[in-house]
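**Q** turn this into a structure:
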Amino acid sequence: METVVPITVMDPAISGRVRPPRRAAREEDGPISALSRKLDGFAPLAETDRAALASLTRYVRSVERHTVLVEQEGVTDHALIVIAGFASRSKRRASGRRQILAYLIPGDLCDRGALHGYPLDHAIEALTHCRIAKVPRAAYFDLLGQHPRIALALQRAKLAEEATAREWMVNIGMRSGPERMAHLLCELLERLGSIGAVAAGQFDMPLTQMELADTLGLSTVHVNRVLQALRRDGLITLRNRRLQILAPRQLCELAEFEAGYL
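**A** Modelled structure (predicted):
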C-alpha cells in the first residue's frame, strides 16, 4: 500500500539567500497566480502581462491522479500549465520501471508541443489530482508575441529547469539516500515558497513513498529507512501523515543545498 507523506516545514530559512517576505497564496489571487508569481521572479511583469496570463483560465480543466497528460513519444499541439497539484516528467522502461525526471508544481509549464510539435521523449503524468491549463498553439504564440516580458521570463524559467535537472542527476549519482531526500525537501521548500505556497513555514507534498523512490533512485524500503534515519537524527518527525522539519539548516548542510540554481 502506498504511503502518503505530506510535509510541514517549521523554518523556511534554509538556503541562506536573502529573499523578500513571501505572501501565502490566496483564493482571490486566481488560478493563474502561481504562474504569475513564478514568471515575475524571472522578469518583472506589467499589469497587462498579468491580465494576459489571467485570460488563460478559460483553458483550465481538472484531471484525476495518474492521468497521463502526454504519452512518451507523443506529439501535442498545446502548452500545458500546472495550476494546482503535482505532475511529473518521467520515463518508463519496457519492464514498466519508472524514473521520475522532474516535478511540475503550480506555475510550471511544458510548451514543447506548442512551440515545435516534436515527439516528447518522456511522459507527463498527474501524480495527484490536478488542475491543468491546455493552451492551444495559436493562443500560446499570440501570448508570447504580444508580451515580450512573459517570453523572456519563460526563457529564464527554462534555464532554471535545466539547472534543476543537472542537480537531480548529481543527486542520484553522487549523494547518499539521506542526502538525496534532504536535497529534495530543501528544493521543494524553495520552489513552493517562490509561488506563495508556503504559509507559516508549512507546505504539503502529497507524494507516496513509491513516487519518492522513483524520484530518488531508491527502493521503497530504502525511502522508508531514510525517512526513519532523518527522524532519529532529529531532523524531521512524522505524525499523522505529516512530516515536520525540525532542523532546516542542518538539513541544508546534510544535502549541501545551494538554492542559486533555482
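
**Q** for the protein, which segments count as strands?
**A** For the chain, strands defined by DSSP state E occupy the ranges 4-5, 7-9, 60-63, 68-70, 78-84, 87-92, 98-104, 109-110, 123-126, 130-136, 207-208, 236-239, 242-245.

**Q** for residue 43, which of the ones you listed is the nearest?
**A** Across the strands of the chain, residue 43 has its closest neighbour in strand 109-110 (14.4 Å, CB to CB). Using the backbone N, CA and C atoms, a C-beta is placed for each residue, glycine as well.

**Q** average pLDDT for that closest one?
**A** Summarised as a single mean, pLDDT over strand 109-110 is 92.

**Q** cool, stretch 126-133 as well?
**A** On average, stretch 126-133 scores 96.

**Q** residues contacting the closest residue to residue 179 other than its chain neighbours?
**A** Sequence neighbours aside, residue 255 is the residue nearest to residue 179 in space, at 5.4 Å (criterion: CB to CB, 6 or more residues apart in numbering). The neighbourhood of residue 255, defined by CB atoms under 8 Å, 6 or more residues apart in numbering, consists of 175, 179, 182, 183, 185, 186.

**Q** mind checking which of these are buried?
**A** 175, 179, 182, 183, 185, 186 (16 or more other CB atoms under 10 Å).

**Q** any idea how far residue 149 is from the last one?
**A** Spelled out, that is residue 186. 30 Å (CB to CB, to the nearest Å).

**Q** then the second one?
**A** Residue 179 sits 38 Å away from residue 149, going by CB to CB.

**Q** can you pull the buried residues of stretch 124-137?
**A** 124, 125, 126, 127, 128, 130, 131, 132, 133, 134, 135, 137.

**Q** how about the helices in the stretch 151-262 of the chain?
**A** Here the stretch 151-262 of the chain has its helices, by DSSP state H, counting those that start in this stretch, at 177-194, 209-216, 220-232, 248-255.

**Q** output the contacting helices and strands for the third one.
**A** The criterion is 3 or more CB pairs under 8 Å, 6 or more residues apart in numbering; DSSP states H and E, and the helices and strands that helix 220-232 contacts are helix 177-194, helix 209-216, strand 236-239.

**Q** adding mean pLDDT and distance to residue 52, write those out as JSON lines.
**A** Output for those, formatted as JSON lines (pLDDT from 0 to 100; distance: least, CB to CB, whole Å):
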{"stretch": "helix 177-194", "mean pLDDT": "90", "distance to residue 52": "21"}
{"stretch": "helix 209-216", "mean pLDDT": "95", "distance to residue 52": "33"}
{"stretch": "strand 236-239", "mean pLDDT": "71", "distance to residue 52": "41"}
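
**Q** now those in TSV, with distance to residue 226?
**A** Listed next are the helices and strands packed on helix 220-232 as TSV, based on distance: least, CB to CB, whole Å:
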stretch	distance to residue 226
helix 177-194	4
helix 209-216	8
strand 236-239	10
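
**Q** residue 219 and residue 212 touch, don't they?
**A** No. Residue 219 is not in contact with residue 212 according to CB atoms under 8 Å; the separation is 10.6 Å.

**Q** ok so, going back, quick one, which of the strands of the chain is nearest to residue 190?
**A** strand 7-9 (10.7 Å).

**Q** just the mean pLDDT for the closest one, thanks.
**A** 41.

**Q** where in the stretch 1-150 of the chain is pLDDT low?
**A** 1-29 (pLDDT under 70).

**Q** mind listing the helices for it?
**A** Under DSSP H, counting those that start in this stretch, the stretch 1-150 of the chain gives helices at 33-42, 47-54, 112-115, 137-146, 148-174.

**Q** dump the helices of the stretch 151-262 of the chain into a markdown table; add distance to residue 93 as well.
**A** Converted to a markdown table, the helices of the stretch 151-262 of the chain look like this (distance: least, CB to CB, whole Å):
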| stretch | distance to residue 93 |
| --- | --- |
| helix 177-194 | 21 |
| helix 209-216 | 12 |
| helix 220-232 | 17 |
| helix 248-255 | 28 |
